[in-house]
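> what follows is a predicted protein model with its sequence.
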Amino acid sequence: MKVFLVDVDNTLYPEESGVFELVDKRINSYMVEFLGMDEKEVPRKRIEYWHTYGTTMAGLMRHYNIDPYHFLEYTHDVDLDSLIKPNPALREKLKKMEAVKIAFTNAPLKHAQKVLSLLGVEDLFVDIFDIISADFIGKPHKYPYVKIINQTKAEDYIMADDFERNIETAKSLGIFSIHVGKHASKGHLNVRFFEDIPIDVVNR
């Protein structure tokens with residue numbers, strides 16, 4: 001069995017869609033509204049947590065003992081319908097890929113389901129491994145990767161993600177890595193859009 005681990009946000013649709021900008025603003029708002037942080041301090045804190053713990057949420061859980069369920073619900077309460085539309089080309093590409101496709105995301109399940117549904121590809125994924133499935137330990141930490149591998153026990157793995165550090169972890173575990181986005185990444189297959197991934201790379 002071959003498993004294709006596919007990131008969702010900014011991977012299955014381009015970052016220009018603006019989804020993360022909205023989530024980003026909600027994260028900032030959460031830190032000010034619920035934790036009483038100074039607006040000017042928020043960017044610095046987020047960078048610190050992102051580098052130290054992998055995600056802002058992990059840092060907030062560590063230092064502020066936040067409720068991760070409330071954080072995820074609040075920060076992902078954004079209007080996706082106006083930003084993401086069905087993508088027939090994406091659907092056709094995914095259908096041609098001969099691998100078990102699992103959405104692998106640092107977002108919560110409800111958000112990932114909504115994105116996949118709006119793109120018109122939800123039925124092509126056998127599962128969604130979200131941040132809750134990962135016990136709130138997000139990429140690029142090795143923990144969620146190892147957990148998926150232990151659950152699926154496939155002979156071969158491929159992964160596509162827009163964050164270089166996420167596919168660096170994948171590569172370190174022997175997973176064939178694909179970087180999706182505007183900027184090339186050394187040591188990985190690079191494509192501008194997910195639809196640009198050559199079929200023979202997956203069906204090899």
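Alright, I've got the coordinates.
> what's the following helix or strand after the lengthiest helix in the chain?
The single longest helix within the chain, with elements called by DSSP state H, is helix 19-33. Note on helix 19-33: by DSSP states H and E, the next helix or strand toward the C-terminus is helix 42-53.
> ok, residues contacting that next one?
Ile27, Asn28, Met31, Val32, Met37, Thr55, Thr56, Ala58, Gly59, Leu60, Arg62 (C-beta atoms under 8 Å, 6 or more residues apart in numbering). Heads up, the C-betas are built off the backbone N, CA and C, glycines and all.
> packing partners for the longest helix of the chain?
helix 42-53, helix 56-64, helix 68-75 (3 or more C-beta pairs under 8 Å, 6 or more residues apart in numbering; DSSP states H and E).
> from the chain's centroid, how far away is the longest one?
Right, the one you point to is helix 42-53. 18 Å (C-alpha atoms, centre = their mean, to the nearest Å).
> same check, this time on the shortest one
Here helix 68-75 shows a centroid-to-chain-centroid distance of 16 Å under the convention C-alpha atoms, centre = their mean.
> residues touching it, excluding its own?
23, 26-27, 30, 34, 57, 60-61, 107-108, 111, 131-132, 136.
> quick revisit: let me know which of the helices and strands packed on helix 19-33 is tucked in deepest.
helix 56-64 (a mean of 18; mean count of other C-beta atoms under 10 Å).
> could the C-alpha coordinates of that helix be exported in PDB?
Extracted in PDB, the C-alpha atoms of helix 56-64 (Å, rounded to 0.1, in the frame of the first residue of the first chain):
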ATOM      1  CA  THR A  56       1.400  29.200  18.100                       C
ATOM      2  CA  MET A  57      -1.200  27.000  19.800                       C
ATOM      3  CA  ALA A  58       1.400  24.700  21.300                       C
ATOM      4  CA  GLY A  59       3.200  27.700  22.800                       C
ATOM      5  CA  LEU A  60      -0.100  29.100  24.300                       C
ATOM      6  CA  MET A  61      -0.900  25.700  25.700                       C
ATOM      7  CA  ARG A  62       2.500  25.500  27.400                       C
ATOM      8  CA  HIS A  63       2.600  29.000  28.800                       C
ATOM      9  CA  TYR A  64      -1.100  30.000  29.200                       C
END
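> show the contacting residues for the nearest residue to Ile84 once chain neighbours are set aside.
Sequence neighbours aside, Leu118 is the residue nearest to Ile84 in space, at 4.1 Å (criterion: C-beta to C-beta, 6 or more residues apart in numbering). Going by C-beta under 8 Å, 6+ apart, Leu118 touches Leu80, Asp81, Ile84, Lys85, Pro86.
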